Structure formats: structure tokens, C-alpha cells
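1. Here is my input; please provide its structure:
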Amino acid sequence: MTRILVIGGGVAGTTTALALHKAGFDVSVYEAHPDSAEDIGAFLTLASNGMRALAQIDASAAVTATGFPLTSMRVLDGTGTELAQRPLGEADNPVLRYRCLRRGELNAALHTEAAHRGVTIRHGASLASVQDGPDRVTAHFTDGSTATGDLLIGADGLNSTVRRTIAPATQPCYAGEYVFYGYTTNTSRIEEADAERITMVRGSAAAFGYAVSPGGQTYWFARVAGERLAADEIAHGTPGRWRDLLMPLLRDDATAAAGIVAATPDDILVTNATEIPTGAPWRSGRMLLVGDAAHAASPATGQGASMAMEDAVILAKALRDAPDTDTALSVYETLRRPRVEHNTTVSGNISRGVHTPSRTGQAPAAGPRDEELARLLEWNSRIGTSQPGAAVLEGGS
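-> Below is the predicted model of the structure:
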């Protein structure tokens, strides 16, 4: 049986392990963090395409047990005027509805599911280097231990150690804005119409979004264009500092944004929006990058986690269906690169203010049309090659 090492136990790595396990591979995950609570402060939305990918590996229930659904979106301008309101994603399908949840909760849910299926996740395993040979690949960890397999998947995020081995010249780039995340229960209960709805505000000086959980907690974010914040400033920033920085950008708008931020006492964090340049190498020998390690994008389109989940399913199917590993990795890259790099470009353009978002306030992901993507993700359809470099779907049940 093919043995696969997955470096990184975040969203991309754990979902990849679940998909590979379903495809029949012997897979183990190696995570540098001592537990599953990586980036516990930030939240994210899983879009319908990400939820569809989870459904194909029987992981929907594990994820929908946490967070809350989002079935509609409205877009406001800085005056509070409604520009658009519409269903969000596949709102009529309970399995495929958008979901809002904390990243740490999502990681924990995926880890629990992996453990239930017998997938090994080793915590505290920080990768030091990789030795790639003609027949096997060996991961060397900082504690002196090693692991050897037939294939190594780098799902170790933006600052990937695996990527430094595959493409040492590739460096993450600032995408033109920094992003605040916060939570508060101190605002008055939003009206009933806001249940399962995300509100996006195109403010005069910042983009703002918020959604309210069934328990009455407001999840919010703000995207601010400008020079990147210094790492030391982020490391030593306080909630009060972040409120002082953000409030002047929101208070002139006639929306709820300033009031929400003012009512947030402690739960505020900030990060620089960062991306991986398109065209960067994804693989070398028996090593492959997935998720943010390969194609991190700014958060403007809200597709990072969902794209990683698509990666997981399509990689597992390619390895399952192709005649050999090299062909499988070529097919995978052929299928994935146009879609994810379009998303990186669109998201980066929005962050830099050089692209006008769609009327829904959220740019669509690229690549196959919805029905084509659904067929590609469908577990029982097979991925084949009609000619070198051309990936196709074969008939499935």
C-alpha cells in the first residue's frame, strides 16, 4: 500500500488526509503545533464548493456540528443603502450551505473525524528538512525523529518548510491590505432578518462584514488597504490599539460597523493579507504542495479553506485513478492550477483596489463552471488522461 506523509495538520492537511484515507492510502499527518487549536482566534466561511468537497469524503456532519449556516448575503454602501441582497451559494441544500466558524473549531472537528477513522496525527512534529530519493521520501523533524513514505504532501501553510525545499525562491507577498477579525456579544440583538445572513459593507475607508450566530455573538472582519503592519506591531498590539486604528475609518459611515467594533472589548486580532505569487512550482520528485502552501490568496474572496478542500478531493482521486504517482501529480496540477491561481489573482486585485467586486460583494472562484466542478469532485467519477497533460473525467456511477 502506498504510504503518504502529510506535513501540516491544519484545514488543508487534515482534509487531504481524510480524502487519501478514503481512497485507500496509508496516510499519516505531522503537525508542528502541540494541539489542533492553530489560529484559534480567526474565523472563516466555508463556501458551497468547500462543503461539496467535504460531502464527497463523508465529512459534512463533522463540520456542520460546529459554527452556523449562512444562507444569504446583503451588500451595503457607506451610506447604509442596500446595493444587493441574494441567496448565498447553494442555500437550498442543507449539506452545501455556507458555514461560518472559527478556524480552531474547524481544525478540531477535522482532527476528531480523522481520529475516528484511524488516521494518525502526530502533534509537536516540526519539520526540519526533507530527503527525496528515487524510491522513497524521508521527513526529518527537529526532535531528531524521521518518517519515510512514497509521497510527501506539504500542507504546512503560508510559511511552508516543504515549499522552501521545492521552491526556495518563492516568497509570500503582501497583498495590499491588513485584516481585522473580532467577536462581540455587546451589540443589541440584530433584527430577525439577519439570521443566517452575512452583511458586507463597502465603506468609504474600509470593507467590513459581519454575521450573527444563533447565540447572539457578532462575528466581524474589516479589510483596510495600506502599508503592511510590521510583525513586531502585530505581535505586541492590543485590542485597544486595534480599535483606535480602525474606528476612524468606520465612524463616518452610516452603517453598524463602527458600533460593532466599539462594542468589542477584547476579541480583536489583525493580520496582513498575504499571497503566494502565481506560477510558483508546486512539486518536485516525491513532494507536492497543497492549500496555502501552494496557492495562498488574500482573504477578499473568502475561498482559501474551500479551495484547500477541493485540492484534497481531487488529489486523492488523481492518485487513486492514475496509473502511477507522477501521472497523478501531473493530472492534479493540470486540474487545479488554473482555478486556484485565478482565485489568487481576483482576490489580490480586490485587496489592491484594482478590481471591482461583483454586485454580490464577493468574487466567484474560477475554473470549471459549477456543474463541471461538481462532476470533478464527485467521488464515484474517475479521473483519467486522454493524452499527456490533458485531464478528463471518465464515466462514474
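2. domains in this structure, as residue ranges please.
-> Domain ranges of the chain: 3-64+102-171+276-394, 174-274, per automatic domain parsing.
3. Mean neighbour count, mean pLDDT and distance to T71 added to these, as JSON lines?
-> Placement of C-beta: from N, CA and C, glycine included. Converted to JSON lines, the domains of the chain look like this (neighbours: other C-beta atoms under 10 Å; pLDDT from 0 to 100; distance: least, C-beta to C-beta, whole Å):
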{"stretch": "domain 3-64+102-171+276-394", "mean neighbour count": "20", "mean pLDDT": "90", "distance to T71": "11"}
{"stretch": "domain 174-274", "mean neighbour count": "18", "mean pLDDT": "92", "distance to T71": "4"}
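4. Is it possible to get TSV of these that adds distance to L76?
-> As requested, those are exported to TSV (distance: least, C-beta to C-beta, whole Å):
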stretch	distance to L76
domain 3-64+102-171+276-394	9
domain 174-274	5
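5. Of all those domains, which one is nearest V75?
-> Each of these has some distance to V75 by C-beta to C-beta; the shortest is domain 3-64+102-171+276-394, at 4.1 Å.
6. So which residues of the stretch 251-397 of the chain form strands?
-> Along the stretch 251-397 of the chain, counting by DSSP state E, counting those that start in this stretch, strands occupy 268-275, 283-284, 287-289, 382-387, 390-394.
7. go on, the stretch 101-250 of the chain?
-> All strands of the stretch 101-250 of the chain, identified by DSSP E, counting those that start in this stretch, fall at 120-123, 127-132, 137-141, 146-149, 151-154, 173-184, 197-202, 207-212, 218-225.
8. Contact partners for the residue nearest the centre of the chain?
-> Taking C-alpha atoms, centre = their mean, the centroid of the chain lies closest to A305, which sits 1.8 Å from it. Residues near A305 by C-beta atoms under 8 Å, 6 or more residues apart in numbering: V11, L44, L46, G50, R103, L106.
9. how near is it to D135?
-> Using C-beta to C-beta, to the nearest Å, we find A305 at a distance of 34 Å from D135.
10. follow-up on the earlier one: quickly check the contacts of A305 for the two that are furthest apart.
-> G50 and R103 (13.0 Å).
11. if I read this right, V11 contacts R102, doesn't it?
-> No. Under the criterion of C-beta atoms under 8 Å, V11 makes no contact with R102, lying 11.8 Å away.
12. just to revisit the earlier point, using TSV, lay out the strands of the stretch 101-250 of the chain together with distance to V346.
-> Shown next, in TSV, are those (distance: least, C-beta to C-beta, whole Å):
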stretch	distance to V346
strand 120-123	33
strand 127-132	31
strand 137-141	34
strand 146-149	35
strand 151-154	24
strand 173-184	12
strand 197-202	16
strand 207-212	15
strand 218-225	14
